[in-house]
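Colleague: Got a predicted structure plus its sequence, pasted below:
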Amino acid sequence: MSLLTTIKSIEHLTHDVLHVVLEKPEGLTYIPGQAVDISLNKPGWSEKKNCFTFTSLPEDNQIEFTIKTYPERKGVTNELLSAKPGDEVLIYKPFGDIYYKGPGIFIAGGAGVTPFIAILKNLERQNELNGNKLIFANKQKADIILEDHFNAVLGKNFINVLSNETIEGYEHGYISPELIKKYSDENLKYYYLCGPPPMMTAVEGHLKTLGISGEFIVKEGF
């Protein structure tokens, strides 16, 4: 079962990330942090589903996605690069295991930040950011999604880690047990993870090394 909607606007956030705004289909409900399969309603594409995370909030009168594009794959994200307002999109049933359980540290790699955009936006709207932190790993500064936004709402609790660049004020290298411990806080019990599988495996190992119980690790279940 799918819902038909149309693109309202589409623009670049970074060199390879799009901000896509769609009309909100009637009856659509979801929880901040959840994702949904979508497909493009045009010949040859309506059966090709791709999963994207909502970066709008359920009460908003439109739905938004922050989508990293991969032109070399010749898939849905490549097609979106030439999409325009009025183009039709099919939306399926929302799903996902990442949702807010309590104050914590959000650890993201690249496009894995998208579920956290909605969760942190929701906390900001409710005035409940409560010292939550975001550790965001990317290759270089140009890859950071919504850097100005996160700086504005999180301030010093927004920590960037760059693997391919050394810039003052940014951590360099990869997320390590030492880096997680450096930014840990006894008031932040939960660790929210989303990123590429190799990074997820590594960070889960780091948390285990630090003695973090699985009940306090929130991630997508596969």
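Modeller: Alright, I've got the coordinates.
Colleague: can you tell me the average pLDDT over the top strand by length along the chain?
Modeller: Using DSSP state E to define each element, the chain has its longest strand at strand 3-14. In this model, strand 3-14 has a mean pLDDT of 96.
Colleague: What's opposite the residue lying closest to Ile159 once chain neighbours are set aside in the beta bridge?
Modeller: The spatially closest residue to Ile159, leaving aside those adjacent along the chain, is Ile135, at 4.7 Å (CB to CB, 6 or more residues apart in numbering). Backbone N, C-alpha and C define where each C-beta goes, glycine included. In this structure, Ile135 has the following beta-bridge partners (DSSP bridges): Ile107, Ile159.
Colleague: Over to Leu3?
Modeller: What pairs with Leu3, by the bridge criterion (DSSP bridges), is Ile91.
Colleague: Settle this for me: it is touching Pro25, isn't it.
Modeller: Yes - using CB atoms under 8 Å, Leu3 is in contact with Pro25, at 3.8 Å.
Colleague: For those two, list the residues in contact with both.
Modeller: Both Leu3 and Pro25 are contacted by Ile91, under the criterion CB atoms under 8 Å, 6 or more residues apart in numbering.
Colleague: ok so, going back, and the next helix or strand past the longest strand of the chain?
Modeller: Once strand 3-14 ends, the next helix or strand along the chain (criterion: DSSP states H and E) is strand 17-23.
Colleague: got the contact list for that following strand?
Modeller: Counting by CB under 8 Å, 6+ apart, 5-13, 55, 62-69, 77, 80-81, 83, 89, 91, 111, 145 sit against strand 17-23.
Colleague: out of the residues you listed, which are buried?
Modeller: Neighbour counting by 16 or more other CB atoms under 10 Å classes 5, 7, 10, 13, 55, 63-69, 77, 80, 83, 89, 91, 111, 145 among those as buried.
Colleague: and the residues you listed, which of them are in helices?
Modeller: The subset of the buried ones among the contacts of strand 17-23 located in helices under the criterion DSSP state H comprises Thr77, Leu80.
Colleague: quick one: Gly33 is in a helix?
Modeller: No - counting by DSSP: H, G, I helix; E, B strand; the rest coil, Gly33 is located in no helix; its state is coil.
Colleague: Surely it touches Ile119?
Modeller: Yes - in this structure, Gly33 sits in contact with Ile119. The criterion is CB under 8 Å, and the distance is 4.9 Å.
Colleague: which residues are in contact with both of those two?
Modeller: The contact sets of Gly33 and Ile119 overlap at Ile98, Tyr99, Tyr100 (CB under 8 Å, 6+ apart).
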